[in-house]
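**Q** I would like to see how this sequence folds:
(chains A and B, ligands or ions: 1)
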Amino acid sequence: MNVQTEPKRSKEELIDKLTQPDLITGSEILLRSLLLEGVDCVFGYPGGAVLYIYDAMHGFDDFNHLLTRHEQGAIHAADGYARSTGKVGVCIATSGPGATNLVTGIATAYMDSVPLVVITGNVATNFIGTDAFQEADITGITMPITKHSYLVRDVKDLPRIIHEAFHIANTGRKGPVLIDIPKDVSAHKTIFKPVTEVNIRGYNPTVQPNKMQVDKLIKAIEEAEHPIILAGGGVVYADASNELIEFVNKTQIPVATTLLGLSGFPSAHELWLGMPGMHGTYTANTAIQNADLIISIGSRFDDRVTMNLNGFAPKVKTIAHIDVDPAEIGKNVKTDIPCVGDVKAVLEYANTKAKPANNAAWIAELQENKVKFPLKYDQTETELKPQFVVEMISETTKGEAIITTDVGQHQMWAAQFYRFKNPRSLVTSGGLGTMGFGFPSAIGAQMGNPDKLVVSINGDGGVQMCAQELAICAINNIPVKIVIINNQVLGMVRQWQEIIYENRYSHIDLAGSPDFVKLAEAYGVKGLRATTKEEARRVWQEALDTPGPVVIDFVVPKGENVFPMVKAGDTISDMLMGDSE
Amino acid sequence: MTTKHTVSVLVNNQPGVLQRVSGLFGRRGFNIESITVGESEENGLSRMVIVTTGDDNTLEQISKQLYKLVDVIKVVDLSANPMVARELALIKVNAEPIMRPEILGIVETFRAAVVDIGPASLIVQVVGDSDKIDAMVELLRPYGIRELSRTGVTAMIRGSVK
Ligand SMILES: Cc1ncc(C[n+]2csc(CCOP(=O)(O)OP(=O)(O)O)c2C)c(N)n1
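**A** Numbering: from 1, shown residues only, chains lettered A, B, ... in the order given. Reported below is the predicted structural model:
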């Protein structure tokens, strides 16, 4: 199979076949429903409780099913697919251990509002609650980390439930929805009639904003001298990047983008200040601390952004908050102008009224800061620096690649040094900070974007958490470029131990890691290594020229730290700037 | 200012919905003083009445977070309105025959009822707001309470239909 499989039949033929009223099993209903929802790729792993479903998939080629090597790989792949395409990601796992292996991935998607439909098998309904073989109460276990969940008790409910699940996952504030299907339900037959409407009484997300509130925001902009926009993942998820750019161009308000918001606003825009927060730029953090008006757009005042709330934005007079989830408003900071609604809809309306703010002096000051305090690292040595690797990837891909990252220092360097151009081009675990996410999420991103270059940037620690998925890349020829920033340690932990725990390096040494080139080769994937700048350039070009998957092991020194840094508990005024200052 | 709030939550009568609601309170650090659930006026919907403490911000968050649950249809802060709140308690109290007249005196004053008589004990049933039940319990305590079971508060807004 190649990533770019041609459809086996026309869409019309398929829909015609799928919508015939037939007496079919729950498993077949599931497959037909998935197709009707437009699913083209599913990530999964079989087991006893989903065998009817897998049996129904035998010889079925209307969508791709990728057999990952761990359920965690499957769900992170589904997540990467969803974040990079805006479509719902789907994964399937069996009951008990299969389902519990999904928990980290579900929590990851929940924290970052990623639309997933997670299908788990369960023991037959008459066994539920008996501690049967491979039984786990997965709806109970995942209640706090799903947007909604279903335990299907009757096959007749299945078409409605699947349709509702897709609707809930990908509307309002997006999120993972779990459907737990007992084995007998997947075997029972009923007449299938596709469900095309949803009517969920307790679920009516607010899309259109209250215009009066937006008008207030427009007025606040007119009165502000030091306004700043804090743009988050909500901008990306609402596909509102263009509206944000228009809003910024009209109002001339500078923008700081959070980690998840990075790809939502072009790094090349002159009013972009960088990322705020713990490893944010000097300019973004200082701007927040001096702002009189903060407009949060699809961003939730996460503590990695605000740091100590007691010292956050001490000069702010007005906080406006645009968010589709009313519960975010006032959750962490007091909000003066709440604008509940879909970010795109809110900005569309705001753009009809927006006028330039009166803030030329403010912009000049921030521009000066950008020049005086850029992100930098020691470039004099011949040593291969991790930041250099990211810059090189950024330049050679012209910011056009889809970047997925794992969690740690490399993630922050990717955030700091990659120049993003397009929305949905950064796939990273922000809220949960899940190691093991970077590589499998790239597989999903590539499946969803067969024509784009997908580069996964990982640490040598995290890449080992899901390295088994190299098999998927090899057998399916999924051409992701798997970058390892190999500093031989758990780098981010090392940094904290150095700076906060007085150099007491406790259990961070990754000695015993495999030779990553050989590891790649063992899976039938090309492996390359670089230890100098020059090698790095050559090897990276070779990777780009290689049509299939490649693992590139960039061996870097272990002492490098991410700066600026705000220590936990400090305010964002207390930035450590590093030695090179 | 932290005060007591009585919140009524109309929910789909689905398996797991109590877990969703109580789990949300636990996870978000909201306090539950009591929680009662039962059928509502509408088929398929249940009503939960939750007594909680917190300031106005907490209460606002409780309501917003509850609305995020797909099975939650309506959330009303009853205590923001004139309301009727009632709780029922069964109190099994030591009552040798010689003590009974005294205990019955208390029961009468409180317009409670004796619903069972044993050789050395009585079961007293009392209905009222929580303060009244607290008072009753305190008065009976000197006789020796063997068992106490309270239902938690259920409540409604007076008059106007909500
Ligand atoms: C599953 C999981 N376990 C532990 C952590 C805590 N943690 C955060 S960063 C980090 C170190 C990551 O090391 P590495 O993957 O080598 O990346 P580096 O920081 O060196 O770039 C750890 C252990 C985490 N985020 N996720």
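**Q** how many other residues sit next to B:H5?
**A** By other CB atoms under 10 Å in any protein chain shown, 22 other residues sit near B:H5. Yep, even glycine has a C-beta here, placed from its N, CA and C like the rest.
**Q** swap in A:T382?
**A** Counted with other CB under 10 Å, A:T382 comes out at 7.
**Q** Quick check, it in contact with A:A536.
**A** No - using CB atoms under 8 Å, A:T382 is not in contact with A:A536; the gap is 11.0 Å.
**Q** residue ranges with poor pLDDT in chain A?
**A** Applying pLDDT under 70 to chain A picks out residues A:1-8, A:579-581.
**Q** Could you look up the SS state of the closest residue to A:H76 other than its chain neighbours?
**A** Spatially, and ignoring its direct neighbours in sequence, A:H76 is nearest to A:P440 (3.9 Å; CB to CB, 6 or more residues apart in numbering or on different chains). Under the three-state scheme (DSSP: H, G, I helix; E, B strand; the rest coil), A:P440 adopts helix.
**Q** A:P440 - how many residues pack around it?
**A** Residues near A:P440, counting by other CB under 10 Å, number 34.
**Q** Helices along chain B, start to end?
**A** B:17-27, B:56-68, B:100-109, B:130-140 (DSSP state H).
**Q** Compare those helices and give me the one nearest A:P115.
**A** Among the helices of chain B, helix B:56-68 comes nearest to A:P115, with 15.3 Å by CB to CB.
**Q** Tell me the gap between the longest strand seen in chain B and the middle of its chain.
**A** In chain B, with assignment by DSSP state E, the single longest strand is strand B:83-94. Between the mean C-alpha location of strand B:83-94 and the chain-wide mean there is a distance of 9 Å, by CA atoms, centre = their mean, to the nearest Å.
**Q** One more: stretch A:511-530?
**A** 26 Å.
**Q** buried sites along it?
**A** Buried residues in stretch A:511-530, counting neighbours by 16 or more other CB atoms under 10 Å in any protein chain shown, are found at A:S513, A:F516, A:V517, A:L519, A:A520, A:Y523, A:V525, A:K526, A:G527, A:L528, A:R529, A:A530.
**Q** Also stretch A:54-71?
**A** A:Y54, A:A56, A:M57, A:D62, A:F63, A:H65, A:L66, A:T68, A:R69, A:H70, A:E71.
**Q** For A:H269, give its distance to the ligand.
**A** Distance from A:H269 to the ligand, counting by CB to the nearest ligand atom, to the nearest Å: 28 Å.
**Q** whoops, I mixed them up, A:W413
**A** Here A:W413 is placed at a distance of 8 Å from the ligand (CB to the nearest ligand atom).
**Q** Spatially, which two of the buried residues of stretch A:54-71 are the most separated?
**A** A:D62 and A:H70 (25.6 Å).
**Q** if we can go back for a sec, in a markdown table, list the buried residues of stretch A:511-530 along with secondary structure and distance to A:I484.
**A** Converted to a markdown table, those look like this (DSSP: H, G, I helix; E, B strand; the rest coil; distance: CB to CB, whole Å):
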| residue | secondary structure | distance to A:I484 |
| --- | --- | --- |
| A:S513 | coil | 10 |
| A:F516 | helix | 6 |
| A:V517 | helix | 10 |
| A:L519 | helix | 10 |
| A:A520 | helix | 10 |
| A:Y523 | coil | 14 |
| A:V525 | coil | 12 |
| A:K526 | strand | 13 |
| A:G527 | strand | 10 |
| A:L528 | strand | 10 |
| A:R529 | strand | 9 |
| A:A530 | strand | 10 |
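**Q** Specify which member of these is nearest to the ligand.
**A** Of all these, A:S513 has the smallest distance to the ligand: 9.1 Å, by CB to the nearest ligand atom.
**Q** burial of the residue nearest to the closest one when sequence neighbours are not counted, as a residue count?
**A** Among residues not flanking A:S513 along the chain, A:D460 sits closest, at 5.7 Å (CB to CB, 6+ apart). Look at A:D460: counted by other CB under 10 Å, it has 26 neighbours.
**Q** A:D460 reaches A:L510, doesn't it?
**A** Yes - using CB under 8 Å, A:D460 is in contact with A:L510, at 5.7 Å.
**Q** Show the subsequent helix or strand relative to the host helix or strand of A:A445.
**A** Remark: A:A445 resides in helix A:438-448, with elements defined by DSSP states H and E. Next helix or strand after helix A:438-448 toward the C-terminus (DSSP H and E): strand A:454-459.
**Q** That next one pairs with which strands?
**A** strand A:402-405 (parallel), strand A:481-486 (parallel) (DSSP bridges).
**Q** distance between stretch B:62-72 and the chain's centre?
**A** With CA atoms, centre = their mean as the basis, stretch B:62-72 stands 21 Å off its chain's centre.
**Q** ok, now which ones touch the residue of chain B most remote from its centre?
**A** Distance from the centre of chain B peaks at B:I98, with 33.2 Å (CA atoms, centre = their mean). Contact analysis of B:I98 by CB atoms under 8 Å, 6 or more residues apart in numbering or on different chains lists nothing.
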